[in-house]
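1. Everything below, folded, please.
(2 chains)
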Amino acid sequence: MDHSSKILEIVRRVAAKPVDPAPDESLFDSGLLDSFSLTDLVSALEAEFSIHVPDADLTPRKFDSIDRIQAYLESRR
Amino acid sequence: MAYLRGFGCYLPSRVITNAELAPMVGAEEAWLLQMTGIAERRFAAPHQTVAELGLFAAKDCLERAGMAAQQIGFLLVASGSSERRFPGPASSIGAALGIPGTPAIDVPMASAGSLAAIAMASHLAAAYGNVLVVGAEIMSRVVQVSPNGRDTAVLFGDGAGACVVGAESGFAEIVDSVLHTDGDYAESLQLNLDSPLYMDGRSIILHATRKLPRVIVEVLERNGCKAEQVGAFLLHQANLNLILRVAQSLGVAESKFYCNVQRYGNTSSASMLIAAAEWHREAGKIAAPIVFAAFGAGLNWGAVLAKPIEARITE
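-> Here you go, the predicted model:
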């Protein structure tokens, strides 16, 4: 299932601005999100998709772009 | 049983303001304050050693606790920035205190070191009597104070803190401690012998913001204590935003979290003890439970719960 539009909505909410990153663009290296936003992003994904992200998956790289978040959510199906 | 008997600290006299640091790291003064929440930090003098900073904190602690060094039965020294691979600063501090023969053990864990040392001291006190815990760091020598090392260098400072844990008396009883380690993320924060401190800030913040509230809840729940009953949270002073996040996660007023990171930066293993020493000096008599918590390289993290003696008696 394609979650990209929902992921983008969450990224915009966490960034608190109408950002429009490319699917493979780094959300952090591009400055759209900062380190503390990463925590908010993971929490928002947990709430939206009713998942628990275990400590073993708490790697920033997994949540670095919309494509990577999509891949992570797919892996959790 | 184990009791907190006193805290102490030592901060080098040289104050490094953002105005002084900014050109060294190629940044704007306002950016430093905005990004870190730190207004100034202390740097040790060139001749000073980690052991010397620790010794001054230990002496301050003993004086405040009204104790002589000869009453110490065990010495634990946390430091991640020691000048040499071995021996660490513990044996030097023991010698300088004039307590030859007393075991002096190093805890080279960095940020969570003094928390772990207090947890260990609470168990060692029954066998060794008074345990002196020291956290001492000269972080300014292990970061790259230059534009290349800017993102890390601006966060740290130098200092030392100390605490005495006794077996028979004190102002608060250490009732429980929880320690955790996750080596899967050991690479995220490391100090190798031939390079400056490396920190993957995103990874560290992500883990710390989730693990710290969780371990605090863990130690509180298993002792039937609620976060709102705690009088003071004394955390490793890693980052102001991180501390405020922990308060938010626990639903506790930010004012219950003692913060001095604005004045000293992150002094790694020393920070929680420096905060405890300043808090205790300001708070005076302790009327409600205290929670200590720290997170750092390893990854290591944990929490310690202490309750005032009067509260224990009336329970």
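
2. only C-alpha atoms for contact and neighbour calcs from this point on.
-> Fine.

3. Could you tell me which residues of chain A lie near chain B?
-> By Cα under 8 Å from any Cα of the partner chain, the part of chain A that sits against chain B consists of A:Ser35, A:Phe36, A:Leu38, A:Thr39, A:Asp55, A:Ala56, A:Leu58, A:Thr59, A:Pro60.

4. If we use 7 Å, what do you get?
-> A:Ser35, A:Phe36, A:Leu38, A:Thr39, A:Leu58, A:Thr59, A:Pro60 (Cα under 7 Å from any Cα of the partner chain).

5. Please narrow those to those residing in helices.
-> Mapping the residues of chain A next to chain B onto helices (DSSP state H) picks out A:Ser35, A:Phe36, A:Leu38, A:Thr39.

6. From those residues, which one has the minimum pLDDT?
-> Within those, pLDDT reaches its minimum at A:Ser35, with 85.

7. Can you report how many residues lie near that one?
-> A:Ser35 has 18 neighbours, counted by other Cα atoms under 10 Å in any protein chain shown.

8. returning to that earlier point: nearest to B:Lys256, out of the ones in helices among the residues of chain A next to chain B: which one, please.
-> When these are ranked by distance to B:Lys256 (Cα to Cα), A:Phe36 comes first, at 21.4 Å.

9. count of neighbours near the residue nearest to that closest one when sequence neighbours are not counted?
-> Distances taken as Cα to Cα, 6 or more residues apart in numbering or on different chains place B:Ile205 nearest to A:Phe36, at 6.8 Å, with adjacent residues excluded. Neighbourhood size, B:Ile205 [other Cα under 10 Å]: 21.

10. Same question for B:Ser13.
-> Neighbourhood size, B:Ser13 [other Cα under 10 Å]: 11.

11. Give me the pLDDT for it.
-> Note on B:Ser13: pLDDT of 97.

12. what ranges do the strands span in the stretch 51-200 of chain B?
-> Secondary structure of the stretch 51-200 of chain B (DSSP state E, counting those that start in this stretch): strands at B:72-78, B:104-107, B:130-138, B:158-166, B:172-181, B:189-190, B:198-199.

13. Now do the same contact list for the residue nearest to B:Asn18 when sequence neighbours are not counted.
-> Spatially, and ignoring its direct neighbours in sequence, B:Asn18 is nearest to B:Glu29 (5.4 Å; Cα to Cα, 6+ apart). Residues near B:Glu29 by Cα atoms under 7 Å, 6 or more residues apart in numbering or on different chains: B:Asn18, B:Ala19, B:Ala22.

14. could you dump those residues to CSV with secondary structure?
-> Shown next, in CSV, are those (DSSP: H, G, I helix; E, B strand; the rest coil):
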residue, secondary structure
B:Asn18, helix
B:Ala19, helix
B:Ala22, helix
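
15. Any chance of a ChimeraX selection covering the buried ones in the residues you listed?
-> What follows is the ChimeraX syntax selecting those of those that are buried according to 16 or more other Cα atoms under 10 Å in any protein chain shown:
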select /B:18,19,22
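
16. The residue nearest to A:Phe36 is in what secondary structure piece?
-> Applying DSSP states H and E as the criterion places B:Ile205 in helix B:201-221.

17. can you list the residues that contact the very next helix or strand once past that helix?
-> Reading on from helix B:201-221 to the C-terminus, the next helix or strand found by DSSP H and E is strand B:232-235. Contact with strand B:232-235 is made by B:Lys256, B:Phe257, B:Tyr258, B:Met272, B:Ala275, B:Ala276, B:Ile290, B:Val291, B:Phe292, B:Ala293, B:Ala294, as judged by Cα under 7 Å, 6+ apart.

18. Can you report phi and psi for the last one?
-> Backbone torsions of B:Ala294, given as degrees, to the nearest 10, read phi -150, psi 160.

19. I'd say it and B:His236 touch.
-> Yes - between B:Ala294 and B:His236 there is a contact at 4.8 Å, judged by Cα atoms under 7 Å.

20. May I see the strands of the stretch 51-200 of chain B arranged in a markdown table, with mean pLDDT as well?
-> Listed next are these as a markdown table, based on pLDDT from 0 to 100:
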| stretch | mean pLDDT |
| --- | --- |
| strand B:72-78 | 98 |
| strand B:104-107 | 98 |
| strand B:130-138 | 98 |
| strand B:158-166 | 98 |
| strand B:172-181 | 97 |
| strand B:189-190 | 96 |
| strand B:198-199 | 94 |
